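Enquirer: kindly generate the corresponding structure for this input.
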Amino acid sequence: MSGPLAHPIPTVRRATPADASEIARLRSELILSAPMDAEWLAICTEQLAERLADENDAVAYVVDTPDGGLASCALALIHRVLPAAKYPKGLAARIHAVATAPDYRRRGYATAVVKTVVEHLAAHGCTLFELYASDGSAPLYRAVGFESDPAAMRMTRFSTGSTVSP
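Expert: Okay, the predicted model is just below:
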């Protein structure tokens, strides 16, 4: 290390179901347009804990804070696609959440967790990776190997007349 701003290389570990509440909290506070209320946080935590269990459809890597919380996380949700030459095992992943607590930014934590989750999934046969990037986070993802795709589109649709509730 050199210089006053140098930080040690972070210790990245695979998240367990016990990390679900902290991952949900970071997502709520730092990614969503409005934080979730306690009821939605509980629902999200419960579902994420189930999905993080071994051999399930979610994989996350995290960096811990000294006080037992999470400094950073990268969560990927895995889904099957029809096999093709570019997707021989028919596995794709959406990087669903990448967040770093403000006090731990500019230390390489987000890069470390994103690289680790991508490497883990690639080692398990996943060849297609997708994510949504803000203007501020796009350089990080480009540095890891992601490219912009102008053909990507998105829609959120609720039934007519329905209300959103947990």
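Enquirer: thought A92 was touching G125, still the case?
Expert: No - under the criterion of Cβ atoms under 8 Å, G125 makes no contact with A92, lying 10.5 Å away. C-beta coordinates here come from the backbone N, C-alpha and C atoms, glycine included.
Enquirer: so between the two, which is more surrounded?
Expert: More neighbours surround A92 than the other of G125 and A92, with 18 against 11 (other Cβ atoms under 10 Å).
Enquirer: okay, and that one sits in which element?
Expert: Here A92, judged by DSSP states H and E, is contained in strand 91-100.
Enquirer: list the buried residues in that strand.
Expert: Neighbour-count burial for strand 91-100 flags 91-93, 95-100 (criterion: 16 or more other Cβ atoms under 10 Å).
Enquirer: kindly report the same for stretch 40-53.
Expert: By 16+ other Cβ under 10 Å, the buried positions in stretch 40-53 come out as 40-41, 44-45, 48-49, 51-52.
Enquirer: could you say which helix or strand holds A42?
Expert: Per DSSP H and E: helix 38-52 holds A42.
Enquirer: can I get that helix in CSV, CA atoms only?
Expert: The C-alpha atoms that make up helix 38-52 are tabulated as CSV, following Å, rounded to 0.1, in the frame of the first residue of the first chain:
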residue,chain,number,x,y,z
ALA,A,38,-40.5,-2.6,7.7
GLU,A,39,-43.1,-5.0,6.3
TRP,A,40,-41.5,-5.1,2.8
LEU,A,41,-38.1,-5.4,4.4
ALA,A,42,-39.3,-8.5,6.3
ILE,A,43,-40.8,-10.0,3.2
CYS,A,44,-37.7,-9.4,1.1
THR,A,45,-35.4,-10.7,3.9
GLU,A,46,-37.4,-13.9,4.2
GLN,A,47,-37.5,-14.6,0.5
LEU,A,48,-33.8,-13.8,0.0
ALA,A,49,-32.8,-16.0,2.9
GLU,A,50,-34.6,-19.0,1.2
ARG,A,51,-33.0,-18.1,-2.1
LEU,A,52,-29.5,-17.9,-0.7
